[in-house]
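> fold the following.
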Amino acid sequence: VKKALLEMEEQKNSYEQKAKESLQKVLGEKMSAEQQLHSTQRSLALAEQKCEAWKSQYEALKEDWKTLETQYRELESQLHVLQSKLQGADSRDSQMRQALRLLQNEHQELQAKIGCLQGDRRQSSLYTQDLQDQLKRSEEERLALVGRVQQFQRLLQNQSVQLQKQEELLKGQQIYYHKF
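Purely as a prediction, here's the structure:
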């Protein structure tokens, strides 16, 4: 009986040692997974901040675009007015021709402004497209990071369940050995 008790005690010690090593390994893995989760959550927060910044820049550019469009329409309207004035001025005397030249100069300036505005409009359009592309990429990155965070959370949950099961098993075995 004494020999059997000694063997059982030895088995108990061996099993407890293995259980402790297993628990330490699981705890290490859990800590590593938690660190990865925190790192991924920080990355997600940064990606969301970038996404918000791109959204606000995009909205600001949209407002600028509307302003440029309004200015373009106003200038285009002014151009039409000047063109009609030019048509009426052709039949007048030399004084009116001088006024006509002044209007033509003004017309050229307006055309130059329209050209500049159209160039700005094209540039804004390209920039807006770039921002939309960047916003889309940021959103894709954010979704990928959210997926990773969820994956790490599931991993942590699974490891916590495993740890609880091993602790319960160890407690059950300790109770069993204490009965002997």
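
> how far off centre is stretch 75-85?
Distance, stretch centre to chain centre, for stretch 75-85: 46 Å (CA atoms, centre = their mean, to the nearest Å).

> same question, stretch 149-158
Computed by CA atoms, centre = their mean, the chain-centroid distance of stretch 149-158 equals 21 Å.

> repeat for stretch 10-18
51 Å.

> and the longest helix for this structure?
In the chain, taking DSSP state H as the definition, the longest helix is helix 2-89.

> quick one: average pLDDT of that helix?
Here helix 2-89 scores 91 as its mean pLDDT.

> what is the subsequent helix or strand relative to that helix?
Using DSSP states H and E, the helix or strand that follows helix 2-89 in sequence is helix 94-179.

> follow-up on the earlier one: distance from the chain centre to the longest helix of the chain, please.
Averaged C-alpha coordinates place helix 2-89 at 5 Å from its chain's average position (CA atoms, centre = their mean).

> which residue packs closest to L23, ignoring adjacent ones?
Of all residues beyond its chain neighbours, the one nearest L23 is Q166 (5.9 Å), with distances taken as CB to CB, 6 or more residues apart in numbering. All C-beta spots, glycine's among them, are computed from the backbone N, C-alpha and C.

> for the one you found, what are its contacts?
Q166 is in contact with 19, 22-23, 26, counting by CB atoms under 8 Å, 6 or more residues apart in numbering.

> how much space separates the residue nearest to Q132 when sequence neighbours are not counted from L110?
In space, Q132 comes closest to Y58 once its chain neighbours are excluded; the distance is 6.7 Å by CB to CB, 6+ apart. Counting by CB to CB, to the nearest Å, the gap from Y58 to L110 is 30 Å.
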